[in-house]
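[1] Everything below, folded, please.
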Amino acid sequence: MKKCQKRASGSKTFEASDDEGPPEIQMDSRIKNVRNPNQDIYFWPNLSEKEQNIIKDAFNQIQRRTCLKFNVLNYKPWYHADRWESDKPYVIIRKSKKLTGYSDNDIEEINRRSVLYITEDGLNNPSFNMSRGIIMNQIVRFMGLKEELYRPDSASYVRAIKKEISHRNPAFSNAQLQWPFDPESITVPFYANNKYKLTRYCPARKTKDLGAGQRVGLLTRWDAVKINSMYCPQSVGFADPRMGPCVVERKTKKVITSFKK
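    Coordinates of the predicted model:
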C-alpha cells in the first residue's frame, strides 16, 4: 500500500487589530519594492486546476501569518472594463519553463499591471509541501522579501561548500535587516543544505536545517515578522532581534510516558 505524504499546515499567528475589518496598513514609504498588501490576482488560462490549487494554498499559508491578502478573481481578457479601472492594480500569474520573475507595467497612466512568472518545476514538484514552498518563495519575493542567503551579514552564518556558487547583492530594506538571519526561511532554497553549511556563529541550528521552510512549505516565524514589518509594523507583536534562530534552539515537545508497575 502506498503511503501518502501528509500535507503540512502552518498555524495562524497574525491577528488583525480589531474584529471589524482588515488591519490598518502602515507601510514605510522608504522601503523599496513594497507593494499594495491587498493584491487582485488573475490566473492565466493555461494554468491547470492542480496548479491553481497549489498557488491558492501558497496564498493561504502566507495570509495565515501576515497581513497580506490575495484576492483570486475570475480571469478576464485585457479589454474587459474591470482591468481598466483607475487605481486598481492587479497581478497576472503565468507559468514559465525557464525562469521566475515579474514585470510591472503602467497602463496608459490609468492602472498598473504586474505579470508574475511562476516556474513549472515548482508547480510540479512531486512533493506537495515542497511545491507549495517553492511557490511561496516566489510570491514573497515578488512582495519585496529578499533572499536570506544574500543578506549583507549572511557570510557570518553560512558558507558555500563550492566556491563557484554565485552571490548576488539585492537591495534589502531595513524592515528585513533589522531582524536576524534565518537559515530556515522560505526564501532559502530547499536544496541549500547540499550547497552551503552553517558556521559556528549559528550554533542553534544544524546545516540540515537550511531551507527547511521551503521543504515543508511554511513561513517561519521570522519570515512573518519581516513581512509584517514591511507592511503592518504595528501588528508584529513581541519579537526580540537578539533571540534569532541561530541563537535560540527550536522548541520541541517532550513526551513523557509513565508505566505502572
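
[2] So which residues of the chain form helices?
    Secondary structure of the chain (DSSP state H): helices at 49-65, 120-123, 128-142, 174-177, 212-216, 221-231.

[3] Just send these back as a markdown table, with distance to Met243 too.
    All C-beta spots, glycine's among them, are computed from the backbone N, C-alpha and C. Listed next are those as a markdown table, based on distance: least, Cβ to Cβ, whole Å:
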| stretch | distance to Met243 |
| --- | --- |
| helix 49-65 | 18 |
| helix 120-123 | 32 |
| helix 128-142 | 23 |
| helix 174-177 | 16 |
| helix 212-216 | 18 |
| helix 221-231 | 10 |
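
[4] Run the angle between the helix or strand bottoming out on mean pLDDT in the chain and helix 128-142 for me.
    Across the helices and strands of the chain, mean confidence by mean pLDDT, DSSP states H and E is lowest for strand 101-107: a mean of 80. Taking axes from the mean of the first three to the mean of the last three Cα atoms, to 10 degrees, strand 101-107 and helix 128-142 form an angle of 40 degrees between their directions.

[5] Quick check: pLDDT value at the residue lying closest to Asp82 once chain neighbours are set aside.
    Of all residues not flanking Asp82 in the chain, Lys76 sits nearest, at 5.5 Å (Cβ to Cβ, 6 or more residues apart in numbering). Looking at Lys76, its pLDDT is 82.

[6] And Lys76, how close does it get to Tyr117?
    Computed as Cβ to Cβ, to the nearest Å, the Lys76 to Tyr117 distance reads 20 Å.

[7] So for those two, which residue has more residues nearby?
    Ranked by neighbour count (other Cβ atoms under 10 Å), Lys76 and Tyr117 place Tyr117 first, with 20 against 12.

[8] thinking again about what came up before, what about the residue nearest to Asp82, distance to Leu68?
    Applying Cβ to Cβ, the value for Lys76 to Leu68 is 23 Å.

[9] Repeat that for Tyr150.
    Taken as Cβ to Cβ, the span from Tyr150 to Leu68 is 22 Å.

[10] Would you mind telling me which of those two has more residues around it?
    Leu68 (23 against 13).
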